[in-house]
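1. predicted model and sequence below, questions to follow.
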Amino acid sequence: MPIYEYKCDKCGADFEALVRNSESRPECPECQSKTVTRRMSAPSTHASGSSSETPCGADCGGHAHSCGCHGACCCH
């Protein structure tokens with residue numbers, strides 16, 4: 001299942017959700033509204049033989065990655 005990024009049209013919260021198909025809309029975790037908009041996100045890539053924490057200089061929007069970079073984007 002792919003992970004999609006959403007923005008709640010009611011409260012403005014940004015969140016990610018696993019969805020079974022691209023047509024279904026998840027519920028906002030903040031206000032439980034079903035009025036959400038799927039956002040465009042950059043694809044993640046990983047080059048063989050490179051470090052998983054090599055700085056790429058891209059703006060990740062301030063969200064945390066599992067490596068803990070918190071917006072200082074790193075290539076995964």
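-> On my side now, so go ahead. What you see is a predicted model; the values in this text were computed from it and never measured. Numbers count the residues shown, from 1 in each chain.
2. neighbours around the residue lying closest to residue 10 once chain neighbours are set aside, how many?
-> Once flanking residues are discounted, residue 10 sits nearest to residue 33: 4.0 Å by CB to CB, 6 or more residues apart in numbering. To be clear about C-beta, it is placed using only N, CA and C from the backbone, and glycine gets the same treatment. Residue 33 has 14 neighbours, counted by other CB atoms under 10 Å.
3. residue 43 versus residue 33, what's the distance?
-> Distance of residue 33 to residue 43, given as CB to CB, to the nearest Å: 28 Å.
4. just checking, residue 36 touches residue 8?
-> Yes - taking contacts as CB atoms under 8 Å, residue 36 lies within contact range of residue 8: 5.3 Å.
5. quick check: neighbours shared by the two?
-> Counting by CB atoms under 8 Å, 6 or more residues apart in numbering, the shared contacts of residue 36 and residue 8 are residue 28.
6. which residues touch the helix or strand encompassing residue 7?
-> Taking DSSP states H and E as the definition, one finds residue 7 inside strand 3-8. Residues outside strand 3-8 that contact it (CB under 8 Å, 6+ apart): 13-19, 22, 25-26, 28, 30-31, 33, 35-41.
7. quick check: buried residues in that strand?
-> Residues of strand 3-8 classed as buried: 4-6, 8 (neighbour count, 16 or more other CB atoms under 10 Å).
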